[in-house]
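Visitor: sequence first, then the predicted structure, then my questions.
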Amino acid sequence: MKSARFAFVVALFLAGCSPVRQQLNAWQGASLEELIDRVGPPSTVSTDASGNKFYHWYEDRGGVYTYGGPVNLNCERIVGVDSRETIDSITWSGNCIAVPDSPWQRSVGDGK
């Protein structure tokens, strides 16, 4: 039981330190226009009951083979914006990868 708890704590820690999470957090406070200029238009746009807009980017890189067997790489990134279209929330699901030359990479000082 202790090993299960330890594995759970390690998984939570790693999820919080995820390179993808770090990559996406860099967009917090940026303009939606800057993001679209960098990564391209979203796959879809949705609105919740309160009228908040969410922009969805879907990525499917298909199957790759790893030491553990075949893995299908796919990801959904969801970006929420405020009334000025400034990014105020970012979530993701799937098995995104954060490569350094990704258009999702944003450095301090980027922007308009």
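Guide: Everything's here; your move. Fair warning: this is a prediction, and the values are worked out from it, not measured in the lab.
Visitor: in a helix, that's where E33 is, yeah?
Guide: Yes - under DSSP: H, G, I helix; E, B strand; the rest coil, E33 falls within a helix.
Visitor: what sits closest to it if chain neighbours are left out?
Guide: In this structure, E33 finds its nearest non-sequential neighbour in E85, 6.9 Å apart by CB to CB, 6 or more residues apart in numbering. Backbone N, C-alpha and C define where each C-beta goes, glycine included.
Visitor: mind pulling the model confidence for that neighbour?
Guide: Looking at E85, its pLDDT reads 96.
Visitor: for P100, same thing?
Guide: Predicted confidence (pLDDT) at P100: the value is 76.
Visitor: for Q105, same thing?
Guide: pLDDT, Q105: 88.
Visitor: so it, which of the three states?
Guide: Applying three-state DSSP: Q105 is coil.
Visitor: how close does it get to G62?
Guide: To G62, Q105 is 22 Å away according to CB to CB, to the nearest Å.
Visitor: who has more neighbours out of the two?
Guide: Ranked by neighbour count (other CB atoms under 10 Å), Q105 and G62 place Q105 first, with 17 against 8.
Visitor: hmm, the more buried one is touching L24, no?
Guide: No - using CB atoms under 8 Å, Q105 is not in contact with L24; the gap is 10.1 Å.
Visitor: so what's in contact with those two at the same time?
Guide: By CB atoms under 8 Å, 6 or more residues apart in numbering, Q105 and L24 have no common neighbours.
Visitor: quick one: the helices in this structure?
Guide: 2-16, 19-25, 32-39 (DSSP state H).
Visitor: pLDDT on the longest one, on average?
Guide: Taken as a whole, helix 2-16 has a mean pLDDT of 39.
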